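S.K.: A predicted structure for the sequence below; I have some questions about it.
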Amino acid sequence: MIQFGAQCGSSQAGKAIAHYHVLLNRIFYQKQDSSDYFKTLLFLSIVLRVSGKHRDFGSEGAEFLQKSDSRNVYTIDFAIPEERWQNKTDTQLRTYIAEGVRTCYQMLKEKVMTLDEVIDEDKLDHDFEYGMEQFMTLPLLELKDR
């Protein structure tokens, strides 16, 4: 349904967001050639752009909704300033990310609805909400250092 990417402005930003990024993909993304949710689209995409010491993306929230040039996918960026992830508890960061993901999802859904791409809006919303419940309650995965 949704694939999550990440671009981080420092290794610290990457470490702060990595567990959430992986968890979101485990919940929402399954590689496939067709979709149960969309007529011709493969999936939706949200890219977490996390500002850090080496690169500041200079914004916050959902931006740059567009169709991918290379794939049949609609994508949106979710910009996260440094002060939103530094020195935050798991609950604070998880809640912030969830709110941003919800906003991005709503914007993406509105776009693909206007394109008559959605097969079953109720199923799409239900599965998204179920995924968000999982995101808010599942433990973070242990990631091995890369």
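M.R.: That came through, no problem. In this text the structure is predicted, and so the values were computed from the model without any measurement.

S.K.: Quick one: the strands in this protein, in order.
M.R.: Remark: strands assigned in the chain by DSSP state E are 2-8, 43-50, 61-67, 73-80.

S.K.: angle of the last one against strand 43-50?
M.R.: Read that as strand 73-80. Counting by axes from the mean of the first three to the mean of the last three C-alpha atoms, to 10 degrees, strand 73-80 lies at 20 degrees to strand 43-50.

S.K.: Which neighbours in the sheet does strand 73-80 have, and how are they oriented?
M.R.: Applying DSSP bridges, strand 73-80 is found paired with strand 43-50 (parallel), strand 61-67 (antiparallel).

S.K.: Give the closest residue to Glu121 in space, chain neighbours not counted.
M.R.: Nearest residue to Glu121, sequence neighbours excluded (C-beta to C-beta, 6 or more residues apart in numbering): Met113, at 7.1 Å. Where you see a C-beta, it was placed from the backbone N, CA and C, and this is true even at glycine.

S.K.: I figured that neighbour hits Leu124, correct?
M.R.: No - between Met113 and Leu124 there is no contact under C-beta atoms under 8 Å: 9.4 Å.

S.K.: And these two? Which one has more around it.
M.R.: The neighbour comparison of Met113 against Leu124 (other C-beta atoms under 10 Å) goes to Leu124, with 21 against 12.

S.K.: what's near enough to touch the residue nearest the centre of the chain?
M.R.: Most central in the chain under C-alpha atoms, centre = their mean is Ile46, positioned 3.9 Å from the mean C-alpha point. Residues near Ile46 by C-beta atoms under 8 Å, 6 or more residues apart in numbering: 2-5, 24, 75-78, 101, 104-105, 108.
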